[in-house]
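J.: pasted the sequence and its predicted model underneath.
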Amino acid sequence: MITLVIAEHDNSVLKPATLCTVAAAAALGGEIHVLVAGHQAASVAQTAAQIQGVSKVLHADGESLAHALAENLTAQVLAIADGYSHFLFPATSTGKNVAPRVAAKLDVSQISEITKVLSDDTFERPIYAGNAIATVQSLDSRKVITVRATSFDEAAATGGSAAVEAVTATADSGKSRLVGREESKSDRPELTSARIIVSGGRALGSQEKFQDVITPLADKLKAAIGASRAAVDAGYVPNDLQVGQTGKVVAPDLYIAVGISGAIQHLAGIKDSKVIVAINKDAEAPIFSVADYGLVADLFIAVPELIEKI
């Protein structure tokens, strides 16, 4: 049994979600190969070769793969698909874009966002916004799987010595092209990989108050900033900061929820956090049912006091 992990990267840096996906592959048993498909991404291939547990890295280099366009990346996976029993993708926007296409071309069912490997054909995955866990068994000869990275510890990034093998890059499909990209730059940790996250909710009342209350606390803790869907919908922060089932699923060491009531879709995105702290003046807020520590208080008084004492 050989598993192919499709690496996520930006042609220069290997994303942490790949390490978590390799950990899921290790739970399957058998050999692990990693596909690094990109353009001028030799350094990423060398980084992948050092991951503990990886026996081979396949490096496909071509301009058609520079931007991880779904059609081209799908073709690359299919071009080397022979001999693999499992295809694992991180459950990121890229992975979720490519995996269904690969599954359709292989004529198999996709298994989405697994959180645990029980055997080589049986997995656990959340359903009903994380309120229930389904055990799913696949009888397909080849399995296409997306992995919820927050549910697996990262594989060791060093200690491995895999061989790097060059494979021919597939030609551009011509079905799509990158017109442009706008990326926000921040000195803060990335939301999905941050150890500490401070999130604000609708109770903050405005964009200005969100910045006045949440930003100083995040600065003190060197934390990433998140928000509830209600805060995003109200325009307090951009939607790339949304945490929850319809936003980003996170699993930091510490998650501080300020003025967040705790809708089901938000709780589904934070339930794997090691410690959850909730600050809300409503003692009946659902967030307190999952919080390890809860403070029933006015956030506009409690948060400044907390900042002073840190």
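T.: Perfect, I can see it now. Numbers count the residues shown, from 1 in each chain.
J.: hey, let's count contacts and neighbours off CA atoms from now on
T.: OK.
J.: what about the nearest residue to residue 273 once chain neighbours are set aside, distance to residue 107?
T.: In this structure, residue 273 finds its nearest non-sequential neighbour in residue 251, 4.2 Å apart by C-alpha to C-alpha, 6 or more residues apart in numbering. Distance, residue 251 to residue 107, by C-alpha to C-alpha, to the nearest Å: 33 Å.
J.: now do residue 224
T.: To residue 107, residue 224 is 40 Å away according to C-alpha to C-alpha.
J.: that's a strand at residue 217, yeah?
T.: No. Residue 217 sits outside any strand when classified using DSSP: H, G, I helix; E, B strand; the rest coil, being helix.
J.: just to revisit the earlier point, comparing residue 224 and residue 107, which residue is more hemmed in?
T.: residue 224 (25 against 11; other C-alpha atoms under 10 Å).
J.: what are the phi and psi angles of that one?
T.: In terms of degrees, to the nearest 10, the main-chain angles of residue 224 are phi -80, psi 160.
J.: and the residue nearest to residue 273, how many residues sit next to it?
T.: Count around residue 251 with other C-alpha under 10 Å applied: 24.
J.: and residue 104, by the same measure?
T.: Count around residue 104 with other C-alpha under 10 Å applied: 12.
J.: mind jotting down where the helices sit in this structure?
T.: 16-28, 42-49, 70-79, 93-106, 207-221, 229-233, 264-270, 299-309 (DSSP state H).
J.: of all the ones you listed, which lies closest to residue 280?
T.: helix 299-309 (6.5 Å; C-alpha to C-alpha).
J.: in that closest one, what counts as buried?
T.: 299, 302, 303 (16 or more other C-alpha atoms under 10 Å).
J.: dump those residues into TSV; add distance to residue 258 as well.
T.: Shown next, in TSV, are these (distance: C-alpha to C-alpha, whole Å):
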residue	distance to residue 258
299	7
302	10
303	8
